[in-house]
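Trainee: dropping a prediction and its sequence here:
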Amino acid sequence: MIDTHCHLTFPEFADRVSETLHAAAQAGVTGVITISTTPGDAQAALRIARAHDRVWSSAGIHPLYSDKGPFDWDLLRSIAGDERCVGWGELGLDKHYAEPTLALQREVLDRQLDLIAQERASGRVIKPVVIHCREAFDELVPLLGRSGIPGEAFVFHCFTGTAADMRLLLDLGACVSFTGVLTYTNAAEVREAARLVPAGRVMVETDAPFLPPEPVRKKRPCVPAYVRHTAEALAAARGMTFEAMHDELNETTARFFGVR
Ligand SMILES: [Zn+2]
C-alpha cells in the first residue's frame, strides 16, 4: 500500500529518506506521497520525489504556515505542474490554535483555491487537493463547495471530526483519509465516522513524523511503515478483512492520486 500523506522534508528524516523508504517497503508500504507546507517546502519535496522512484510530492501552503509569507506563487504553480507532483496542498483551515489568525488563514486559502480553479479551467494542472481541516468543517466545506473545484477532487486528510463533520465532507463528494488517530483508544467517535464512508472514498496515511498509530504509539518519529497499523484498524472498524481493505485502498489511491 501507499502512505498517502507524510512529510519527508521534515528534520526527522534528514539524511534518512532512503533507509525510511527501505523500511517501509519491507513492511509492505511500497510508496509515499510527501506533502508540502510552503512553496519552498514543495520544492524540497519535489527534489526528494525526483530522487526516489516510489515517492511523489504535493504543492501547497498549510494553514498553520499562512504567516510564513510572502509566498512565491509562481514557484508553487510551476511545481504543481511537474509530473512527480501528484496534488495540491496541504491547504485549509485550522481553528485549534489562535495563530495564525483565521483572517490570514482565509486569505492564503482563498488565493490557493483561486489558483487551483484557474489552473483547472485553463486545463494546465488538473490534480487533486489535500485538505487540512481542524475544527473548521462548518466554515471550510461551504467554501470548498463554492470554489469552482469539483468536490470529488478533495481529500480531507487526518480526519478527527464527528459523524456530522463526516457527513458534510461526504455530501461535498470528497474523499477522506485516516492517520494513526483512528487506532487510539479515545477515538471511538473517529472510528464511528469511518463506518459512514462509502467504499472507494477512503485512504490511509501516517502524517509522519507525527501521530504514530497503536501499537507503536510511543515510538518517535512516526514513519511510513506504520501506515499498515492504521489500515488494519480501518478494516476492523469497517468489518472487512485486511486483504479486502488493502485492495480497496490501493484502488482508491490509484484513482485519486494516479499512483499505485
Ligand atoms: Zn500533514
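Mentor: In hand now; what should we look at? Numbers count the residues shown, from 1 in each chain.
Trainee: tell me the spacing between the closest residue to Thr30 other than its chain neighbours and Arg228.
Mentor: In this structure, Thr30 finds its nearest non-sequential neighbour in Arg54, 6.0 Å apart by CB to CB, 6 or more residues apart in numbering. Quick note: C-beta positions are derived from backbone N, CA and C, even for glycine. Look at Arg54 and Arg228: by CB to CB, to the nearest Å, they are 16 Å apart.
Trainee: and those two? Which one has more around it.
Mentor: When neighbours are counted by other CB atoms under 10 Å, Arg228 comes out ahead of the other of Arg54 and Arg228, with 20 against 14.
Trainee: so what's the residue count around the nearest residue in space to that one that is not next to it in sequence?
Mentor: By the measure of CB to CB, 6+ apart, the closest residue to Arg228 outside its immediate chain neighbours is Ala27, 5.8 Å from it. Close neighbours of Ala27, defined as other CB under 10 Å, add up to 15.
Trainee: what do you get for the one 4 residues further on?
Mentor: The criterion is other CB under 10 Å. On that basis, Gly31 has 21 neighbouring residues.
Trainee: contacting residues around it?
Mentor: Shown in contact with Gly31 (CB atoms under 8 Å, 6 or more residues apart in numbering): Ile2, Asp3, Arg54, Val55, Trp56, Val259.
Trainee: kindly report the same for Arg260.
Mentor: Ile2, Asn250, Thr253, Ala254.
Trainee: state the distance from it to Leu172.
Mentor: 25 Å.
Trainee: residue contacts, Phe137?
Mentor: Neighbours of Phe137 in contact, by CB under 8 Å, 6+ apart: Gly161, Asp165, Leu168, Leu169.
Trainee: pretty sure the second one sits in a helix.
Mentor: Put plainly, it is Asp165. Yes - judged by DSSP: H, G, I helix; E, B strand; the rest coil, Asp165 forms part of a helix.
Trainee: that one contacts Ala193, correct?
Mentor: Yes - using CB atoms under 8 Å, Asp165 is in contact with Ala193, at 7.2 Å.
Trainee: and Leu234, how many residues sit next to it?
Mentor: Around Leu234 there are 25 residues (other CB under 10 Å).
Trainee: so how far is Cys222 from it?
Mentor: Distance from Leu234 to Cys222, by CB to CB: 17 Å.
Trainee: per-residue confidence at Leu93?
Mentor: At Leu93, the model reports a pLDDT of 98.
Trainee: that one against Glu139, yeah?
Mentor: Yes - between Leu93 and Glu139 a contact is recorded at 6.2 Å, counting by CB under 8 Å.
Trainee: looking at the two, which one has more neighbours?
Mentor: Leu93 (23 against 13).
Trainee: for the closest residue to the more buried one other than its chain neighbours, list the residues it contacts.
Mentor: Spatially, and ignoring its direct neighbours in sequence, Leu93 is nearest to Ala136 (3.9 Å; CB to CB, 6+ apart). Going by CB under 8 Å, 6+ apart, Ala136 touches Gly92, Leu93, Asp94, Lys95.
Trainee: and for Thr241?
Mentor: Ala235.
Trainee: do that again at 10 Å, thanks
Mentor: Ala235, Asp247 (CB atoms under 10 Å, 6 or more residues apart in numbering).
Trainee: before we move on, the earlier item: let me have the contacts of Ala136 in CSV, extended by secondary structure.
Mentor: Output for the contacts of Ala136, formatted as CSV (three-state DSSP):
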residue, secondary structure
Gly92, strand
Leu93, strand
Asp94, strand
Lys95, coil
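Trainee: tabulate the residues you listed (CSV), appending distance to Gln43.
Mentor: As requested, the contacts of Ala136 are exported to CSV (distance: CB to CB, whole Å):
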residue, distance to Gln43
Gly92, 21
Leu93, 24
Asp94, 23
Lys95, 29
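Trainee: wait, which of these is closest to Gly200?
Mentor: The shortest gap between Gly200 and any of the contacts of Ala136 belongs to Gly92, at 22.6 Å (CB to CB).
Trainee: alright, that wraps it up for me.
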